[in-house]
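Peer 1: after the sequence you'll find the predicted model.
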Amino acid sequence: MKDRIYLFDTTLRDGQQTPGIDFSVEDKIAIATMLDEFGLDYIEGGYPGANPTDTAFFNEKRTRNASFVAFGMTKRAGVSASNDPGLTGLLQAKSDAVCLVAKSWDYHVKVALGCSNEENLESISESVKAVVAAGKEAMVDCEHFFDGYKANPEYALACARAAHDAGARWVVLCDTNGGTQPPEVRDIVGAVIAASVPGHCLGIHAHNDTGQAVANSLAAVEAGVRQIQGTLNGIGERCGNANLVTLIPTLALKETYSSRFVTAIDPERLLNLTRLSHAFDELLNRSPDHQLPYVGASAFATKAGIHASALLKDPRTYEHVTPESVGNFRKVMVSDQGGKANFINALKRRGIEVGKDDPKLDRLISLVKEREASGYAYEGADASFELLARRTLGTIPEFFSVEGFRVMVERRFDSHGKVKIVSEAVVKLGVDGQTIMSVAEGDGPVNALDLALRKDFGKYQHEIDDLVLADFKVRILNGGTEAITRVLIESTDSDGVRWWTVGVSENIIDASFQALMDSVIYKLMKNRQLAGKIAAE
């Protein structure tokens, strides 16, 4: 019987430490939903009480299937668990589990906490007991465990035992500074298990400061741990965390692991790995790493030459796994069947049935590739992809037509002599043979255009009253004032459903208008149950 490996995502907590990344509540909701749908076991949402965003995020339980985890510190020395406000806040958060961070290096106990080793052990034990008594699953991140073990093995082990003996479901060994090497990880995990903390209660939390977070996580699994913590695309402070997007397919597709271990990510879920990775990068408004293992655009790309010649004979000559198994594409194609299979799967998830020999499917594949070459990114714009697919494979009702729009930006002085920037937009729509012209002013040209577009939709107006633009991201795809611009818009409505649309143009206003149009059309389709199957799941 295969051993179960539990996957713990800390993108929303440790990943938030990445320089340049600052999640809003809406971002966190969207990412948690993506992770939950993908099938991870644990999703750590942040540190309630530490900042307004995380506190608001934990006002509700944000997952359907995964265990929703709140992160925070053990109680302070000299204060009882019931009187520690930080611990109380953790217990009151709408979470299924609590992950407590505890010092396990005596040097940090002295310098950072300023208490005795014994007081720290008492804080660990009493905090875990309080979590268990509150009916939540308890786990403890033993911070700096590997460095602490190398400095004082007896005390580091005492911290791990204190957590386990108090009732922690998971004792997580953290390589917080990221400098431990795989052989050291293997030996130290073995020592922890020998010290009476069983492997099925141990986890690994590796940082990537020597580029070995994935290797260290796998070494820990080999030694006996059964929970892996990591982040999407390996984000995290300094050099990042263990990359779950690399770890998951390695565990699933490499015989040395798949013959002994099983995770919650079955082959069907694994097909969505590339889409998940790219959609996450799009949400962060950054370009995906083309050379990321498994999911990168170059992961299965081969230039002309002897490699391409071998691929024409058998793709296995230069591919360690099939790209389709992780939802990716081969860039040198002997046959387009692999690409078709991936498209058919993506369409099926949206309730769109199409035969692999249907010439419209070939047209869709060609169209997507052409548009992505020009700057579109459909991994992060599911709604725009669905509309493109439905337009190509079938029909979309013509709810309205756009006869034109105009946007003006004026810089002028007000009555007090202060500079004022005024943005005004005019949109002309055709609805049921009638021309409707709407004018609006807004905070910037895009906001003015959005307000004008949605000001009067005739008979459809009541259907879009609850449509809200939750986020707006712009990316410049090349340099210069003539640069191609990509706009990604996130929309939501009163059902709580979220969808993403994309527009690309040399003109940022035109790119924005494309994305706005797709958002409105998708909303009208969704209202008629003609689209949005994935979003509704």
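Peer 2: Happy to help now that I have it.

Peer 1: go through the top helix by length along the chain and flag the buried ones.
Peer 2: Longest helix of the chain, by residue count under DSSP state H: helix 508-527. Of all the residues in helix 508-527, those buried under the rule 16 or more other C-beta atoms under 10 Å are 508-526. Bear in mind the C-beta positions are built from the backbone N, C-alpha and C, glycine included.

Peer 1: what's the answer for stretch 424-443, then?
Peer 2: Going by 16+ other C-beta under 10 Å, stretch 424-443 has these buried residues: 424-427, 429, 431, 436, 438, 440, 442.

Peer 1: now, the residues you listed that are in strands?
Peer 2: 424-427, 429, 431, 436, 438, 440, 442 (DSSP state E).

Peer 1: between those residues, which is nearest Trp170?
Peer 2: Gly442 (49.5 Å; C-beta to C-beta).

Peer 1: that closest one - nearest residue in space that isn't next to it in sequence?
Peer 2: Spatial nearest neighbour of Gly442, chain neighbours left out: Ala448 (3.2 Å); criterion: C-beta to C-beta, 6 or more residues apart in numbering.

Peer 1: so what's the backbone phi/psi at the residue of the chain most remote from its centre?
Peer 2: Distance to the chain centre peaks in the chain at Ser415, reaching 48.0 Å (criterion: C-alpha atoms, centre = their mean). Main-chain torsions, Ser415, degrees, to the nearest 10: phi -70, psi -20.

Peer 1: buried sites along stretch 7-16?
Peer 2: Buried residues in stretch 7-16 (16+ other C-beta under 10 Å): 7-16.

Peer 1: now the residues you listed as CSV including secondary structure?
Peer 2: Below are the buried residues of stretch 7-16 laid out as CSV (DSSP: H, G, I helix; E, B strand; the rest coil):
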residue, secondary structure
Leu7, strand
Phe8, strand
Asp9, strand
Thr10, coil
Thr11, coil
Leu12, coil
Arg13, coil
Asp14, coil
Gly15, helix
Gln16, helix
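
Peer 1: now, among the residues you listed, which is nearest to His462?
Peer 2: Using C-beta to C-beta, those come closest to His462 at Leu12, 35.9 Å.

Peer 1: sorry, back to before: gap between the longest helix of the chain and the chain center?
Peer 2: Relative to its parent chain, helix 508-527 has a centroid offset of 23 Å by C-alpha atoms, centre = their mean, to the nearest Å.

Peer 1: what mean pLDDT does that helix have?
Peer 2: Average pLDDT, helix 508-527: 94.

Peer 1: now do it: which elements does it pack against?
Peer 2: helix 382-393, strand 401-413, helix 445-453, strand 468-476, strand 485-492, strand 498-505 (3 or more C-beta pairs under 8 Å, 6 or more residues apart in numbering; DSSP states H and E).

Peer 1: same thing but 7 Å
Peer 2: Using 3 or more C-beta pairs under 7 Å, 6 or more residues apart in numbering; DSSP states H and E as the contact test, the elements touching helix 508-527 are helix 382-393, helix 445-453, strand 485-492, strand 498-505.

Peer 1: what does that helix contact?
Peer 2: 383-384, 387, 396, 399, 405, 407, 445-446, 449-450, 453-454, 460, 463-464, 467, 474, 485-489, 491, 493, 499, 501-505, 531-532 (C-beta atoms under 7 Å, 6 or more residues apart in numbering).

Peer 1: just the buried ones from those residues?
Peer 2: 383-384, 387, 396, 399, 405, 407, 445-446, 449-450, 453-454, 460, 463-464, 467, 485-489, 491, 493, 499, 501-505, 531-532.

Peer 1: re earlier: what's around the residue nearest to Gly442, how many residues?
Peer 2: 24 (other C-beta atoms under 10 Å).

Peer 1: mind checking pLDDT for Gly479?
Peer 2: Looking at Gly479, the pLDDT reads 63.

Peer 1: what does Ala158 give?
Peer 2: So, for Ala158, pLDDT stands at 98.

Peer 1: helix or strand: which one has the residue nearest to it when sequence neighbours are not counted?
Peer 2: Among residues not flanking Ala158 along the chain, Leu121 sits closest, at 6.1 Å (C-beta to C-beta, 6+ apart). In this structure, Leu121 is located in helix 117-133 according to DSSP states H and E.

Peer 1: what comes up buried for that helix?
Peer 2: 117, 120-128, 130-132.

Peer 1: could these go into TSV alongside distance to Asn177?
Peer 2: As requested, the buried residues of helix 117-133 are exported to TSV (distance: C-beta to C-beta, whole Å):
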residue	distance to Asn177
Asn117	20
Asn120	19
Leu121	22
Glu122	26
Ser123	22
Ile124	20
Ser125	26
Glu126	27
Ser127	24
Val128	24
Ala130	29
Val131	27
Val132	30
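
Peer 1: out of the residues you listed, which is nearest to Arg391?
Peer 2: Nearest to Arg391, judged by C-beta to C-beta, of the buried residues of helix 117-133 is Val131 at 51.9 Å.

Peer 1: what does the pLDDT read for the residue nearest to Gly442?
Peer 2: 92.

Peer 1: got a list of what it touches?
Peer 2: 407, 423-425, 440-442.

Peer 1: would JSON lines of those residues with pLDDT be doable?
Peer 2: Shown next, in JSON lines, are the contacts of Ala448 (pLDDT from 0 to 100):
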{"residue": "Val407", "pLDDT": "94"}
{"residue": "Ser423", "pLDDT": "93"}
{"residue": "Glu424", "pLDDT": "94"}
{"residue": "Ala425", "pLDDT": "94"}
{"residue": "Ala440", "pLDDT": "94"}
{"residue": "Glu441", "pLDDT": "92"}
{"residue": "Gly442", "pLDDT": "90"}
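
Peer 1: cheers, nothing more for now.
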